[in-house]
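S.K.: okay, predicted coordinates and the sequence, questions at the end:
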Amino acid sequence: MRQNTLPKTARLKSRKKLQELFAGGKTMRVQDLRLLYLSETGGAGIKCAVGVSARNFKKAVDRNRIKRLLREAYRLQQQDIRQWGTDPGKGLSLFLLYTGKEIPPYARLYENVGLALQKLVTALHAMAAENT
């Protein structure tokens, strides 16, 4: 049975790590979704955070709804990326940023998060192949 949880230990909350991620992380886009990631050696597993621009969504209710949908879509599709992060000494920081201008339906957001995670897995495998 698959365990689809997103505990507090898997959430990226450190201000220092977030600054490192935005300063030196790599970016990929899938429609209205932007995924920033930073691979680290000696890291503590995979940590993820989500965000929505306050410029596009003035009401906190709307921002919170989109963040909740993003977290849920990531939680249900995290298995592929979790398998990559089980190796000791590998760490990964992720940030899912919604850049659209309207509240998306969950189905579209779920699909976009899945595509972004697939692209991330292929990019990570390509990086691992280069290093060996």
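M.R.: Everything's here; your move. Residues are numbered from 1 along each chain as shown.
S.K.: okay, CA-based contacts and neighbour counts for the rest of this
M.R.: Fine.
S.K.: what's the strand or helix carrying Ala23 packed up against?
M.R.: Per DSSP states H and E: Ala23 is located in helix 15-24. Using 3 or more C-alpha pairs under 8 Å, 6 or more residues apart in numbering; DSSP states H and E as the contact definition, the elements that helix 15-24 packs against are strand 33-41, strand 90-98.
S.K.: run a quick neighbour tally on Phe57.
M.R.: The local packing of Phe57 (other C-alpha atoms under 10 Å) involves 18 other residues.
S.K.: ok, now which ones touch it?
M.R.: The contact partners of Phe57, by C-alpha atoms under 8 Å, 6 or more residues apart in numbering, come to Arg63, Lys101, Glu102.
S.K.: how about Asp80?
M.R.: Leu117, Gln118, Val121.
S.K.: I'd like those residues laid out as TSV, including pLDDT.
M.R.: Supplementary listing: the contacts of Asp80 in TSV, determined by pLDDT from 0 to 100:
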residue	pLDDT
Leu117	92
Gln118	93
Val121	90
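S.K.: and Lys16, how far from Ser93?
M.R.: Between Lys16 and Ser93 the distance, using C-alpha to C-alpha, to the nearest Å, works out to 12 Å.
S.K.: the two - which one has more neighbours?
M.R.: Each of Lys16 and Ser93 has its neighbours counted (other C-alpha under 10 Å); Ser93 has more, 24 against 8.
S.K.: can you pull the contacts of the more buried one?
M.R.: By C-alpha under 8 Å, 6+ apart, the contact set of Ser93 is Leu12, Lys17, Leu21, Tyr37, Leu38, Ser39, Glu40, Ile46, Lys47, Cys48.
S.K.: where does the protein dip in pLDDT?
M.R.: Counting by pLDDT under 70, the low-confidence segments of the chain come to 1-2, 43, 84-89, 132.
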